[in-house]
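Colleague: Compute the structure for the input listed below.
(one chain, ligands or ions: 1)
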Amino acid sequence: MMTLTCQVLVVGAGLAGFTAAVRAAENGADVLLIDKSDGEFGGGNVLMASGSLRAGGKSPRTTPTELYDFVMSEGIGYPLLVKAWSETCGRAVDWLMNAGVGLEETAPGRIWLNQESEISLAPVYKKDVGTRAVAALKARLQRLGGRFINDTEGLSLISERGSVQGVIARQSSQPLEVRGRTTILCTGGFSANKGMLRKYVGPRADQCKLRGSPQDTGDGLRMALVMGAKAVNLQYFYGHLISRKALTDDRFWPYPRLDSFVNEGMLIDGEGHRFVDEGRGDVAVANELARSPDPTGATLIFDHDSWEASKNSPSSTSLMIPAPNPWLLDNSGELFWSNTIEGLSAAIGVNADNLAATLAQYNHAVESKDWSSSTVLRSGNPKLLRSPFYGLRVVPGITFTMGGVLINGRGEALDSAENPIRGLYAAGDAIGGLMGGYRGGYTGGLMQAVVSGILAGENAADYIKMV
Ligand SMILES: Cc1cc2nc3c(=O)[nH]c(=O)nc-3n(C[C@H](O)[C@H](O)[C@H](O)COP(=O)(O)OP(=O)(O)OC[C@H]3O[C@@H](n4cnc5c(N)ncnc54)[C@H](O)[C@@H]3O)c2cc1C
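Modeller: Residues are numbered from 1 along each chain as shown. Here you go, the predicted model:
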């Protein structure tokens, strides 16, 4: 078998992988970055990203204490990782700029990867934005003497003398040994692995739609688990409710965003009952539906005011994405409406008595502000639903999974006793410990990738100086 050697091996060339590789090379390491796709910039989610650099919905330059408190308030963050992430977000933005990645600040603290881009319907949302960022990092890596090889898939980790020493890989269907004194797993999450979705998210979560890269099949998580790694927060993903039937491409379509209908309406199951507090927000609601017995059987119920308002919804205008109204109708969205709740029940095929009772209970609770007699509470600012009524069949769309290999503040992969696995690091969507939770717990995929890539790259390069 052919063998390649390096000091720091990075597996997976997304934003986390390119960041880790560049940072390790800047710290003097001989770096090799491999990717299983045949793309010249890898094949990950970063190539589809719209480029919003938010840290828990805040500016990445927010004080570390505020970022830390925000993330920890979900109750499932791992303190050492969250602390390191909070303290590194600001530095990460400066580092990106110094590394040659174009950024723009559209309002104070509202930082984006350079937005010059063509908008497209599918398969990507904004062409070029993420691609341009990783192209800049790739150029920097090569200037620093680092190597990038595509079409090379990491299959399993090599473990010798109590330390991870690289991967057994496959290059253009030939076996290959890639030896590194440290290995950084940056293989993305497992959103494109139906078996893992069933195992970790919900027994029927494989019925959700994929809103991200087909390359993110959980390879790093699988390889690390074999080494005894601890994996956390695997049940959570970042994603949105999307229309169950719009466009014909079954694989990927990112919009329109339906957040306003979640905020202003109610979500019912196939029997006509509410089953989730819609006020938790679109990401949390999508997670709850994915875990339910029937992820494709839910319908968003809203009214004419919400439908009219969605013509100019703020997310559509600020993100320059099509508004639900009229996009859904123009693209075969399964939108039903009726002047009566009985008529709507018949159109969407749910039990009319159930839906009428659900609506009556909901409107009564909204009016009286008393949810004590309601089976499912409602937070936020729900409004009364009045005729004409609308029904839109929805399904969760999974952008990326939030859980993965637990790392500490140095990017080291931890074992079940939370001790570092020697020679093994992880970054980006392959990690767990930062995101997820009852309210969605989204801290930003790009900021997770850059920050954890910096931590892993710097510390992996330091590690080889010590051993
Ligand atoms: C449509 C869309 C819009 C988004 N918009 C935003 C946004 O505006 N802001 C934000 O913060 N986040 C956004 N995200 C999320 C963000 O893009 C991701 O969280 C981030 O890019 C993850 O980076 P990563 O490097 O960990 O993974 P990825 O970019 O997915 O890269 C993983 C890489 O690993 C490779 N790989 C996988 N397995 C192997 C293996 N066995 N061997 C070798 N290589 C392997 C893959 O080919 C891929 O190149 C968006 C995502 C999508 C899909």
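Colleague: quick one: the closest residue in space to Leu113 that isn't next to it in sequence from the ligand, how far?
Modeller: Once flanking residues are discounted, Leu113 sits nearest to Gly51: 3.4 Å by Cβ to Cβ, 6 or more residues apart in numbering. To be clear about C-beta, it is placed using only N, CA and C from the backbone, and glycine gets the same treatment. Applying Cβ to the nearest ligand atom, to the nearest Å, the value for Gly51 to the ligand is 5 Å.
Colleague: which residues are contacting stretch 282-297?
Modeller: Outside stretch 282-297, the residues that touch it by Cβ atoms under 8 Å, 6 or more residues apart in numbering are 197, 201-205, 207-208, 235-241, 244, 257-259, 262-263, 267, 269-270, 275-276, 278, 280, 298, 393-398, 438-440, 442.
Colleague: hang on, isn't the residue nearest to Leu113 packed against Glu116?
Modeller: No: in this structure Gly51 lies outside contact range of Glu116 using Cβ atoms under 8 Å: 10.3 Å.
Colleague: Looking at these two, which is more packed in?
Modeller: Per other Cβ atoms under 10 Å, whichever of Gly51 and Glu116 has more neighbours is Gly51, with 22 against 11.
Colleague: got the phi/psi numbers for the more buried one?
Modeller: Phi and psi for Gly51, reported as degrees, to the nearest 10, are phi 100, psi 10.
Colleague: Asn27 now?
Modeller: When read as degrees, to the nearest 10, the backbone of Asn27 gives phi -90, psi 20.
Colleague: now that we're looking at it, which residues does it contact?
Modeller: 457-458, 461-462.
Colleague: Drop anything exposed from those.
Modeller: 457-458, 461 (16 or more other Cβ atoms under 10 Å).
Colleague: Tell me which of these fall in helices.
Modeller: Among these, the members found in helices (DSSP state H) are 457-458, 461.
Colleague: Of these, just say which sits nearest to the ligand.
Modeller: Here the nearest of these to the ligand, counting by Cβ to the nearest ligand atom, is Gly457; it sits at 12.3 Å.
Colleague: Please verify my assumption that the closest one contacts Arg23.
Modeller: Yes: assessed by Cβ under 8 Å, Gly457 is found in contact with Arg23 at 3.0 Å.
Colleague: separation between Ile111 and Gly432?
Modeller: Here Ile111 is placed at a distance of 25 Å from Gly432 (Cβ to Cβ, to the nearest Å).
Colleague: for Asp353, same thing?
Modeller: 43 Å.
Colleague: who has more neighbours, these two?
Modeller: Taking other Cβ under 10 Å, Asp353 and Gly432 do not tie; Gly432 has more neighbours (27 against 11).
Colleague: Specify the local secondary structure of the nearest residue to Val366 once chain neighbours are set aside.
Modeller: Closest residue to Val366 apart from its sequence neighbours, by Cβ to Cβ, 6+ apart: Pro382 at 4.9 Å. With DSSP: H, G, I helix; E, B strand; the rest coil as the basis, Pro382 sits in coil.
Colleague: Show the pLDDT at Pro382.
Modeller: Predicted confidence (pLDDT) for Pro382: 96.
Colleague: i'd like the first residue to be 33 from this point on
Modeller: Sure thing, new numbering starts at 33, so read that last one as Pro414.
Colleague: close enough to count as contact, it and Ser400?
Modeller: No: in terms of Cβ under 8 Å, Pro414 does not count as a neighbour of Ser400; the distance is 11.9 Å.
Colleague: Compare those two (neighbour count), which wins?
Modeller: Per other Cβ under 10 Å, whichever of Pro414 and Ser400 has more neighbours is Pro414, with 20 against 10.
Colleague: How about the contacts made by the more buried one?
Modeller: Neighbouring residues of Pro414 by Cβ under 8 Å, 6+ apart: 296, 298, 310-311, 394, 398.
Colleague: Restricted to helices, list those residues.
Modeller: When DSSP H defines the helices, the subset of these inside them is 296, 394, 398.
Colleague: Could you point out which of those is nearest to the ligand?
Modeller: The closest of the ones in helices among the contacts of Pro414, once distances to the ligand are taken by Cβ to the nearest ligand atom, is Glu296, at 23.9 Å.
Colleague: ok, the closest one - how many residues close by?
Modeller: Counted with other Cβ under 10 Å, Glu296 comes out at 21.
Colleague: ok, it to Ala341 distance?
Modeller: Using Cβ to Cβ, Glu296 is found at 8 Å from Ala341.
Colleague: again with Val78
Modeller: Going from Val78 to Ala341 by Cβ to Cβ gives 33 Å.
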